[in-house]
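**Q** Predicted structure and sequence below. I'll ask about it afterward.
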Amino acid sequence: MSLILAIESSCDETSVAILDDRKVLSNIIANQDIHQHYGGVVPELASREHQKNIVPVIQEAIRKAAISKSEIEAIAFTRGPGLMGALLVGVSFAKSFAQALNIPMIEVNHMQAHILAHFIEIKKDQTYPSFPFLALTVSGGHTQIVRVDDYLDMTILGSTLDDAAGEAFDKAGQLLGLAYPAGPKIDELAKKGDPEKFEFPYPRVQGLNFSYSGLKTAILYFLQKEVKRDANFIKDNINDLCASIQHAIVRILIGKLKRASEETGIKTVTIGGGVSANSYLAKKLREMGTKKRWEVFIPPLEFTTDNAAMIGVTAYYKYLNKDFVGMDVKPDPRLKVGS
Ligand code: KG4
Ligand code: ZN
């Protein structure tokens, strides 16, 4: 048994979790609604909100886990990738906590954590992905296909060359007048819409890489043209627009996963990151999985968007290896998931 306290502060969620090995005793997440007014995350505001939230969130995590501080055996934190000022709050807090309790510190890569979220123990006879597997990590800042050979042995097979899939959702949402982050709202409205009503281009990108900037531009021009013709176009077609845009974003993800599976021969496929909460992505992935005989893993909703439980489970594997860091550790906004 090992009790680890984990901190996540890479972007706009302040989260603290306490894990007993791979079991989550508490996972507290403070969202920062303040960014909604700006149509995206404002780094300075994120950092200030983390400073405000961190102490109460830690206290709540300890209270909910029903443990005492002295039982904690290690402190884990997100070292990167993410926003420098936001990461700094978590890293600095981890340092003072580790020093005060005289316990080791574990640094965690946020994108590795999105992948290892599948190893959080939720129920007894749970099935976990078996190695090697493919992981599609899709969030507001990242879109990657990763080959995972072991818990901490990962290789990036493809990445986005420009915007991330979550960014495509959020930027399209902004054009439609939806509040940030628009992904969940598009998902909801799309349920009442026709995914084939409007057709958007499929980017031609080499290999397993992605590109979403062309789609964003195509949506912008399309909307400008239609709104000129009919000022109510967006309002009158919002469900179909959401469904069609979502379809355009998701088919790119599924297309590349199919190719990655064909190229590597790997048939265990997982998704992670905020966009993996998308119900249409889950549906399309399951359909493709049935067709191609993949074993598909989709994380439970609470572990898809940013959370500290995934940081804690990643730290658990590093704890087993005694992979600790010293007080000189610094945040790394561009930390990579593997080779
Ligand atoms: O992983 P995450 O919480 O933070 C980052 O590391 O970026 O991902 C946030 C992203 C946002 O772009 C948000 O719009 C998107 O995940 N997202 C969704 C859904 N829920 C969150 N996108 C599509 N459908 C959803 N249901
Ligand atoms: Zn994330």
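**A** Sure, I can see it. Being a predicted model, the structure only gives us computed values, none of them experimental. Ligands and ions are numbered 1, 2, ... in the order given.
**Q** quick one: buried residues of stretch 205-220?
**A** 205, 208-212, 214-216, 218-219 (16 or more other CB atoms under 10 Å). Just so you know, the C-beta spots here come from the backbone N, C-alpha and C atoms, and that holds for glycine as well.
**Q** and the two most separated of those residues?
**A** 208 and 219 (23.8 Å; CB to CB).
**Q** what residues are up against residue 336?
**A** 81, 109, 156 (CB atoms under 8 Å, 6 or more residues apart in numbering).
**Q** How is it assigned, secondary-structure-wise?
**A** Judged by DSSP: H, G, I helix; E, B strand; the rest coil, the three-state class of residue 336 is coil.
**Q** For residue 298, see how far away it is.
**A** 25 Å (CB to CB, to the nearest Å).
**Q** Also residue 311?
**A** Residue 311 is 20 Å from residue 298, by CB to CB.
**Q** Neighbour count for the two, which is higher?
**A** residue 311 (37 against 19; other CB atoms under 10 Å).
**Q** I figured the more buried one hits residue 7, correct?
**A** Yes. With contact defined as CB atoms under 8 Å, residue 311 counts as touching residue 7 (6.9 Å).
**Q** shared neighbours of the two, which are they?
**A** In contact with both residue 311 and residue 7: 15, 76-78, using CB under 8 Å, 6+ apart.
**Q** what does this protein put close to ligand 1?
**A** By CB under 6 Å from any ligand atom, the residues of the chain that approach ligand 1 are 11, 139-141, 166, 169-170, 181-184, 187, 273-275, 277-278, 305-306.
**Q** Pull out the buried residues from the worst-scoring helix or strand of the chain on mean pLDDT.
**A** Lowest on mean pLDDT, DSSP states H and E among the helices and strands of the chain sits helix 43-65, with a mean of 89. For helix 43-65, burial by neighbour count (16+ other CB under 10 Å) applies to 43, 45-51, 53-54, 57-58, 61-62, 65.
**Q** just checking, what packs against that helix?
**A** strand 3-8, strand 13-20, strand 23-31, helix 84-101 (3 or more CB pairs under 8 Å, 6 or more residues apart in numbering; DSSP states H and E).
**Q** can you pull the pLDDT of residue 339?
**A** Residue 339 is assigned 52 on the pLDDT scale.
**Q** should've said residue 40
**A** 74.
**Q** How about it: what's its closest non-neighbour residue?
**A** Distance criterion CB to CB, 6 or more residues apart in numbering; nearest residue to residue 40, sequence neighbours excluded, is residue 180 at 5.7 Å.
**Q** Please, which helix or strand holds the one you found?
**A** Counting by DSSP states H and E, there is no helix or strand that carries residue 180.
**Q** Ok, residue 136 next?
**A** Here residue 136 is assigned to strand 133-138, by DSSP H and E.
**Q** Now find how far off-centre that strand is within its chain.
**A** 11 Å (CA atoms, centre = their mean, to the nearest Å).
**Q** For that strand, enumerate the helices and strands it packs against.
**A** Using 3+ CB pairs under 8 Å, 6+ apart: strand 133-138 touches helix 110-116, strand 143-150, helix 233-264, strand 268-272.
**Q** Parallel or antiparallel, list what pairs with that strand.
**A** Sheet pairing here is set by DSSP bridges, and for strand 133-138 it gives strand 143-150 (antiparallel), strand 268-272 (parallel).
**Q** what angle do the longest one and helix 233-264 make?
**A** Here strand 143-150 runs at 30 degrees with respect to helix 233-264, directions being taken by axes from the mean of the first three to the mean of the last three CA atoms, to 10 degrees.
**Q** Kindly report the same for the shortest one.
**A** With the same axes, to 10 degrees as the criterion, the two stretches strand 268-272 and helix 233-264 enclose an angle of 140 degrees.
**Q** which residues touch strand 268-272?
**A** Contacts for strand 268-272 (CB under 8 Å, 6+ apart): 114-115, 117-118, 129-130, 132-138, 148, 257, 261, 281-282, 285, 289, 294-299, 304.
**Q** what about that strand, average pLDDT?
**A** Per-residue scores along strand 268-272 average to 97.
**Q** Which SSE is immediately downstream of it?
**A** Assigned by DSSP H and E, the successor of strand 268-272 is helix 279-292.
**Q** Next: the longest one.
**A** If you walk from strand 143-150 toward the C-terminus, the next helix or strand you reach (DSSP H and E) is strand 153-159.
**Q** Just the residues contacting that next one, thanks.
**A** Counting by CB under 8 Å, 6+ apart, 112, 115, 134-135, 142-149, 207-210, 256, 260, 264, 336-339 sit against strand 153-159.
**Q** repeat for stretch 320-330
**A** Taking CB under 8 Å, 6+ apart as the rule, stretch 320-330 contacts 74, 79, 91, 95, 98-99, 104-107, 152, 318.
**Q** got it, and stretch 236-243?
**A** Contacts of stretch 236-243 (CB under 8 Å, 6+ apart): 176, 185-187, 189-195, 197-198, 230, 234, 280.
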